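> sequence plus the predicted model coming up.
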Amino acid sequence: MTYPYQQLLQKLTAWLSAYENRQQELIELIAELTPANSLHDKLAPDADWSPMTEMGPFTFLTYFLRYGDRKNVAYLNALAQRIKLDVPPIDHLYGVPTPNNQSSWFFGYAFRRKPEDIPLLWTFFNAARTESITDDLYQQVQGIWGMGYTKITEGLFRMLPDQFFPVNGPTKQFLADHELPHQIDSWENYQDILEAVRDKFPNQSFAEVSRSAWVNRQKETSAPDEQASPAMLVCKTGSSTDWEWWPAFQKQGIAAVSYREMQVGDLSRFANATEIRNLQDQIEGYQKGWVEILWNFATAPEGAIVFAGKGRDLIVGVGQLTGPYRFSPDDPSGLLHQRDVEWFGEVNYTYTGKGHLMRLNSFGTLRKYPLVLEHIAQNYPEIHQRLLEAGVPATDFGDASSVRITTEQWAELLQNATVFQPKDLEMISALYHSPNHENRADWIDAIMKGVEPSAGKAIRVNSRSANLAKRIIAHLDIDETQLDKRWEDDTTQYWAILYTITPANGRYPYRLRPELAAAFADFETTTIEPVTLGSHRHTLNQILYGPPGTGKTYATVTRAVAIVEGKQLSTVAAENRTAVQDRFRQYQQQGRIRFTTFHQSLSYEDFVEGLKPVLEGEGEDAGNLSYEVVPGIFREVVTNAAFEYTKQQYANEQASPNFATVWNAYLNQVEEEIGEGRVVSIQTKGGHGAEITGVTSQRNLLVKHVSGDRTYTVSADRQSRLSEAITDLHDIGNIYTDFRKVIGGSNASLQWAVLNAVREFGETIKGSDSVKRRENLDVQGRRLAVRALKPEDFRWPSALPYVLIIDEINRGNVAAILGELITLLEPSKRLGEAEALSLTLPYSRHRFGVPPNLHLIGTMNTADRSVETLDAALRRRFSFLSVPPNTEVLHQVLKEDVTIDVDDLSVNLAELLDLLNARITALRDADHALGHSYFLNVRGWRTLRDVFCDRLIPLLREYFFGNPGQLQLILGRGFCQQGRAGTVAFAPTDANNDVSGTNYTPYVFPRPVDAAALAQCLRQLGLA
C-alpha cells in the first residue's frame, strides 16, 4: 500500500531541490505557514538572538512535521496549496516520525556550524534524489554538529519515503525482533538494512513497515502482563476548584497531565526517558523531576487501574487505562498528554492516616491503594465488581498494607542470613508445607499461635513473624506508615509484610504473600548455597555506610580479600592486618581487585567507555588526530571477570584454541614481521594478492589489495562473527552474499583473506601453550573470548570471584555514571541467570552484561549524603551495611592507652567520643557523628589537641554552619569562646542602609598552648 502523503512528500522534495540558492524564501514560508518560534540564530554562545539567514532542506521539511499528526497534516496541506503542488489533500502521516521541537535542526547554531555544513546538507539532499550517496559523503554529514544516523535516516525518509527507511528507537527494536540488521556504522550498512526490509516485507512499503514498528512499540509498552495484577496508578484531577479536571476526564473518557511549562512536545518520539534527558539543554522549561512523571504516564500499561485523585488525600473516581498515549496540543483544557480511560464511576475516599495518600506528582503509582480498594469493597459494590473483572485480586480488597515486595526482592532476602535466620526459614517452610489447605495450604488464622510441622514441636509464628518483618523493613528501608494499622497490637501490624489478609467466613486468615511463596519455592529447590555475608558466599552488591572516620574504606580491604579467597569474613578479619594488606595488593596486581573513587566530575565515559582523542605517532612525529573507544575501569573489570568463565574450556583448547587466542597470537606475529621490515602477504579466495600493512591500537588489522592503494580496516569483531558463522571458508559459493548476511557490507574478499590466514595460523599453534597464550590475551582478545561464551557457560561454579571497590560512591552522580547499566548489577540480571539481561553500549556498539562472579563494594559517607537521599535505583540493588562509630575498636587498638593524662585530668578517649556523638546526634543526627578513627593515633595531649583543633572543630563548624550556640553545646566554652564585643563602622552608601555603629560579638576557637589549657577546655566540655 502507498499512503497518500508519500506522493505529497516526493513532489515537495522535487520542488525543494530548486531552492538551494533561495533559502530566505524557505525561511519566510516557515514563518508564514507554521507557528515556529525558533527562526533565530546565535553568532556566539552569549550573543543575542539574530535572524536566521540560512536554511537546509531537511530542516525545512522538519518544520512542517514537528507538531503532532493532526497539525502536521494541516501544515503540509497548507504548504502544498501555497506552492501549488498538484496533489490531493492528505489526512494522516502514518509511519512518519515526529521530531522533537528542540532537535529539529539538522545543523547547529552559527557559532557551532562550519561554513560548509549547510551546503553539505544540500549536496547530500540532491545525492539522495539521484541515488548517488557515497559512504564518504554519509560520514561527512554525520560529522555535522548534532547529527547521527537516526536523524539522518529519518530526514531521508521524510523526503523520499519510497526509497528510505527511518532507523530509530521503534524500528530498531522491530528489526531486531525480525532478526534483521539494525546497526549503522556506514552507508553500506544502511543499504543492507534497506535490502533486508524489502526482502522481509516484499508486499509492504517502507512507510507501512515504519507504521507497523510504531504500533508494535506501543503494544510492547502498553500491553498488560496477563499473569500479573494490574498496576495501580493515580492521576491528579486538581488541587483546588480553580484547577478541576475531573469533569473533563469523565466527559472525554481520558486521564491527562499537562506540564505546559516544559515544552517537550510529543513523547511518542522518544524511545525512553533518557532520550528526553539528553535533550534537556534544548527543551524550554526543562524540569528534571517532570521527565519521569511524563514518561511513566506515556508508557503506563493498558489495563492498569487509574484512580482520579485530588490534592494529596482525596480519591474521586476509579477506572482502567484502555488506550495508548497521544499528544493533544489543541485540547481546550490545556491537557497536552492524554490516555483513554474507561471510568468505572465516582467514589469519595479521604485518607486520614499518617502522612499523605498521594505524592505531589500529577501522575504515579498509588502506593497505599489497598486502603482505597477496601473502602470501595465496603461502599461501592458495582465498582468493586468492575475492578474484580479488571483483574484486581480479591485479596487486595482486604489487605490494608500497601507494602509490595517483588519475587526478586524476596529471593535476595531469603539468601541473606542477616535477615532470614535459620528459625525464620524453618517457620516459612512449615507454613509453606502446611497440610490444612489446598495448594499446600499456606494459611494460618489470625488467632493461631503456632504451626505443627509433620514432626517436631510447634513453630511459634507470632513474635517471630513480627521480628522478621522488622528486619525486612530495616533492610529495605520501608516506610512504616504503609503498614496495616487496624490493630492496636504493635506486633500484628507487622504481619502484613509476610502475609496477605483476606476476609473469609467472618475471620481474617493469613496466607504467605504469593511473591514470597514463589521465591521460597525456588529457594527450597535450588542447589546453590545461600549467598550471605556470614558464609563463604558473599553478597554481590554491598555498600558500607556511616559517618566519617568509622573505617569504611579500611573494612573494604578485609571484605575484598575474603571474597576473592572464598573465606568467611570473620576468618580474614582475625588475621594479621599486614598479611591481609599484602594479599590485597597482590590481587590488585593480578586484576582480581580494582579500586576506584567516585567524584562529582566522573562520567559514564570515564567509568564505562568513551571516546578519547588519539594522535598518530609521538612528539614531533605526531600526525592526525583520531578518536577511539576506550573502555573504563568498570568495563575492564567486567571483561576480566567474565573471562574467568572461558577457563572451563582450557582442556578442550589443547587441541583447538578459540578464535580470540588465535587472533591475538596472529596479530603478535604480524607486528613482529612488520617490525622486522617483512611484507605480510595473504591471498584472496580468487587467488589475488593482498598485504597486511599494520595493527591498530584497537587490535584490528590494516589490509590492502596489492593492486590498489586504499587501506581497509579488518576488525576483530567482524572476524569473530564470521568465524562463528562459517565453518568451511572454501565451501562458500558467493562470499559477498554470505558475508553480508553475517557482518553486513564490507570488502568481502579481504575479510575472507584475513580469516583464512588466521585459521591457517591457528593450526600451527595447537598444543600445550594454548592456556599460556590465552592468559596473555589483551582486553580486546579477552572480550572476543567472552563473546563466544553461551549463557549456560556463566553457570560454571569454579569461576574465580572479582571485586570492584567504589569508594565514596555517593559523591558521584550514579545515574549519569552508570546509566542504564545499573539494572545489570542485579543478581537476577547477571549473565547466566534465568532473567539475565545485556544491552548494547552506546560507543562501541558491543553487547554488554555483568557476570555473576563480579562483586561490588561501595562506601559512602553519610555526612555527605544520607542513605535516604541516595539514588533509589542504586538503593534497590545494593545491600546496605551500617558502619557506625565503634568505641570498642579504640579499646582493642589502644588498649591501656585509651586513657591518657592531660595535665591533671584523666581522659578516656572512648568515653569522650561517646559524649561528643551523643550531643551531635541530639542536635543534628547520627549521620554526622564522629568516627573512632579520629582518636586512633592519639598518644598524648598534643595529638589530642591537634585532633580537636585541626580536624574536629573545622568539621563541626561545617556541620553546624558556624552556629556558635550549637557548637558550644557540643564543645563547651573552652574550645568555642565568645570574644570581645565590638562596634563596626561601614562605608557610606547612596542607599538608605546605613548600619554604622552596629554591635557584633565574634566567637573564637583558641588553640590550647599547653596541657593545662587543654585540660581546662576538656573540663568545660564536660569531662571531670
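Structure's in. What do you need? Residues are numbered from 1 along each chain as shown.

> what distance separates stretch 248-261 from the middle of the whole chain?
Between the centre of stretch 248-261 and the centre of its host chain there is 30 Å, according to C-alpha atoms, centre = their mean, to the nearest Å.

> separation between the residue positioned nearest the centre of the chain and Val629?
Nearest to the mean C-alpha position of the chain, counting by C-alpha atoms, centre = their mean, stands Glu820 at 2.9 Å. Counting by C-beta to C-beta, to the nearest Å, the gap from Glu820 to Val629 is 17 Å. Heads up, the C-betas are built off the backbone N, CA and C, glycines and all.

> how about Lys288?
28 Å.

> the more surrounded of these two?
Taking neighbours as other C-beta atoms under 10 Å, Lys288 and Val629 compare with Val629 leading, 17 against 9.

> report the buried residues of stretch 136-146.
Using 16 or more other C-beta atoms under 10 Å as the test for burial, stretch 136-146 gives Leu137, Tyr138, Gln140, Val141, Gln142, Ile144.

> is the second one within a helix or a strand, and which one?
So the one you mean is Tyr138. Taking DSSP states H and E as the criterion, Tyr138 maps to helix 135-142.

> buried set for the very next helix or strand once past that helix?
Per DSSP H and E, helix 135-142 leads on to helix 149-159 as the next helix or strand towards the C-terminus. By neighbour count with 16+ other C-beta under 10 Å, helix 149-159 contains the buried residues Tyr149, Thr150, Lys151, Ile152, Thr153, Glu154, Gly155, Leu156, Phe157, Arg158, Met159.

> what's helix 149-159 packed up against?
helix 4-16, helix 57-62, helix 117-129, helix 135-142 (3 or more C-beta pairs under 8 Å, 6 or more residues apart in numbering; DSSP states H and E).

> closest to Phe595 out of those helices?
Among the helices and strands packed on helix 149-159, the nearest to Phe595 by C-beta to C-beta is helix 135-142 (38.2 Å).

> quick check: angle from the closest one to helix 149-159?
Interaxial angle, helix 135-142 versus helix 149-159 (axes from the mean of the first three to the mean of the last three C-alpha atoms, to 10 degrees): 100 degrees.

> list the contacts of helix 135-142.
120-121, 123-124, 127, 147-149, 152, 186-188, 190 (C-beta atoms under 8 Å, 6 or more residues apart in numbering).

> make CSV out of these and add distance to Leu784 and pLDDT.
Formatted as CSV, those follow (distance: C-beta to C-beta, whole Å; pLDDT from 0 to 100):
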residue, distance to Leu784, pLDDT
Leu120, 37, 94
Leu121, 38, 94
Thr123, 39, 95
Phe124, 35, 94
Ala127, 37, 94
Met147, 31, 82
Gly148, 27, 80
Tyr149, 25, 83
Ile152, 30, 92
Ser186, 21, 85
Trp187, 27, 90
Glu188, 23, 86
Tyr190, 26, 90
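
> which pair in those spans the largest distance?
Distance extremes for those: the farthest pair is Leu121 and Glu188 at 21.1 Å, using C-beta to C-beta.

> more neighbours, these two?
Under the criterion of other C-beta under 10 Å, the comparison of Leu121 against Glu188 puts Leu121 first, with 23 against 16.

> give the contact list for that one.
By C-beta under 8 Å, 6+ apart, the residues touching Leu121 are Gly56, Pro57, Phe58, Thr59, Phe106, Phe107, Val141, Ile144.

> go ahead and confirm Trp246 touches Thr237.
Yes. Counting by C-beta atoms under 8 Å, Trp246 does reach Thr237; the two are 4.0 Å apart.

> neighbour count for those two, which is higher?
Thr237 (25 against 18).

> the helix or strand containing the more buried one packs against which elements?
Secondary structure here is read from DSSP H and E; on that basis Thr237 sits in strand 232-238. When contacts are defined as 3+ C-beta pairs under 8 Å, 6+ apart, strand 232-238 packs onto helix 246-252, strand 254-257, strand 305-310, strand 314-321, strand 363-365.

> that one to strand 314-321, inter-axis angle?
Note on geometry: by the same axes, to 10 degrees, strand 232-238 and strand 314-321 are set 120 degrees apart in direction.

> returning to that earlier point: give me the common contacts of Trp246 and Thr237.
Joint contacts of Trp246 and Thr237 (C-beta under 8 Å, 6+ apart) are Ala308, Lys310, Val316, Gly317.
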